[in-house]
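1. Below is the sequence, then the predicted model.
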Amino acid sequence: MYRRAFTLLELVAVLVIIGLLLAFSPLALDYLVAEKELESEVSRIGTTIELLKVQAVIDQASYAMHIDTDGNRWAVQIPVEVEEQPAEEDADPIRYFVLEPDIAPEDLNWHRLPEGISIELYEGRRRIDKGRYRIKYDPGGTVPPHSLVLESDNIKSLNEDERIRTIKVNFPGFVSYSPGRVIEDFKKTESEIGR
């Protein structure tokens, strides 16, 4: 009895298919890694904003987030504890937290965004020009509405929803996330509810 074997043409076709799969797999992996990197940074910033809001309420003190669009970095400014001696001699000192108004950039612990990811800041609908900007969280946890837009140059796509993510912070400080550049308003859309 004959056993049917593969022909040379079939073997060549299989090798070509395997070669094509191997050639395109690094591109797919690069895309997945770049997308996860962008999502990770969005999540890190959004979680930090939520924590600042909660911590401001707990400590009844102002906190701040600094955004440096030129350096593609951000930092958190925590208040310092101040002690005052009351006028009465027998009274215990009063301790409270104060946010330093003029902190030097080198005194902050900056988090630099990964290579290829840039950050933009919008206050309402107005884009903040390049430079460093401070967003202050009041003791009640409230913050002025603003948006942070992160864009990845590592994702080679013409689709803005794949390359760009927006973190919207509504008054009094609710955080929501959107694919693409969404700065038109500060109301949650149906797709953002529950995030």
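-> It's in. Treat the numbers as computed from the prediction; the structure is a model and nothing was measured. Numbering: from 1, shown residues only.

2. going forward, measure contacts between C-alpha atoms and count neighbours the same way
-> Noted.

3. in the chain, which spans are strands?
-> In the chain, the strands defined using DSSP state E lie at 63-68, 73-77, 80-84, 94-98, 111-112, 117-123, 126-127, 132-137, 146-152, 164-170, 174-179.

4. residue boundaries of the helices in the chain?
-> Along the chain, counting by DSSP state H, helices occupy 8-59, 160-163.

5. Give me the pLDDT for residue 3.
-> We have a pLDDT of 68 for residue 3.

6. How about residue 24?
-> With respect to pLDDT, residue 24 has a value of 63.

7. What of the one 10 residues further on?
-> In the prediction, the pLDDT value recorded for residue 34 is 82.

8. Give me the nearest residue to residue 144, chain neighbours excluded.
-> residue 171 (5.8 Å; Cα to Cα, 6 or more residues apart in numbering).

9. what sits against the one you found?
-> Going by Cα atoms under 8 Å, 6 or more residues apart in numbering, residue 171 touches 142-145.

10. Among the strands of the chain, single out whichever gets nearest to residue 15.
-> Comparison of the strands of the chain against residue 15 by Cα to Cα identifies strand 146-152 as nearest, at 34.9 Å.

11. ok, the closest one: who's next to it in the sheet?
-> Paired strands of strand 146-152, with direction, are strand 117-123 (antiparallel), strand 164-170 (antiparallel) (DSSP bridges).

12. okay, those in JSON lines with mean neighbour count and distance to residue 158 next?
-> Putting those into JSON lines (neighbours: other Cα atoms under 10 Å; distance: least, Cα to Cα, whole Å) gives the following:
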{"stretch": "strand 117-123", "mean neighbour count": "19", "distance to residue 158": "16"}
{"stretch": "strand 164-170", "mean neighbour count": "24", "distance to residue 158": "11"}
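
13. picking that back up, can you tell me which of the helices of the chain the model trusts least?
-> helix 8-59 - the lowest mean pLDDT of the helices of the chain, at a mean of 82.
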